[in-house]
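S.K.: my questions are about this predicted structure, shown below with the sequence.
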Amino acid sequence: MGIRITGIDVPFGGISWEYTETEKQAIQKLFFFLESKRLLTNPIEMEIKQWCIESALEIKRRLVDTLSECDFSKDTIGCIRSMIGACNDFLDRLDTVKETGIIFKNEKGDWANSAFSSAMKQFRNVFRENINLLSSVYGIIFTKTIPTEY
């Protein structure tokens, strides 16, 4: 945790400050959050469209909040922005999915709805790539596995 000076009083003296997070701490907190998201890490046989929408919105909000926590490097900002973009793309693509309830997998193990399958694969691929980059830059392990097949 760092300290940022926010003011100096004169003539009698005095300094005011606030505690700040380091970039690594902020990314670690983001990883803890993302590891808990079923949308990213759960290889289940079915999903509910509305829950996926709510989860993507929650992830997007957390990513935006994380950007405001620290003065991140240009590369880290790029990774986080890429994940925000993946959330937006996922939400846009879910608009084309007509199912309102449960979306099941087919006998081949892929999502029965091809639009949902494509959206989910793209979403998870972007997150997997950027989490791997952030993990190597900050030396933080992302403990969950984001499925590659769907």
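M.R.: Perfect, I can see it now.

S.K.: need phi/psi at residue 48.
M.R.: Phi and psi for residue 48, reported as degrees, to the nearest 10, are phi -110, psi 120.

S.K.: tell me who's in contact with it.
M.R.: 101-103 (C-beta atoms under 8 Å, 6 or more residues apart in numbering). Heads up, the C-betas are built off the backbone N, CA and C, glycines and all.

S.K.: hey, what's it bridged with?
M.R.: residue 102 (DSSP bridges).

S.K.: what's the spacing between it and residue 86?
M.R.: Noted for residue 48: a distance of 20 Å to residue 86, by C-beta to C-beta, to the nearest Å.

S.K.: can you pull the poorly scored residue ranges out of the protein?
M.R.: The model of the chain has pLDDT under 70 over residues 1-7, 9-21.

S.K.: please go through it and pick out the longest helix.
M.R.: The longest helix of the chain (DSSP state H) is helix 114-138.

S.K.: contacts for it?
M.R.: Here helix 114-138 has contacts from 23-24, 27-28, 31, 34, 39-40, 47, 49, 56, 75-76, 79-80, 82-83, 85-87, 89-90, 93-94, 96-97, 99, 103, 110-111, 140-142, 146-148, 150, using C-beta under 8 Å, 6+ apart.
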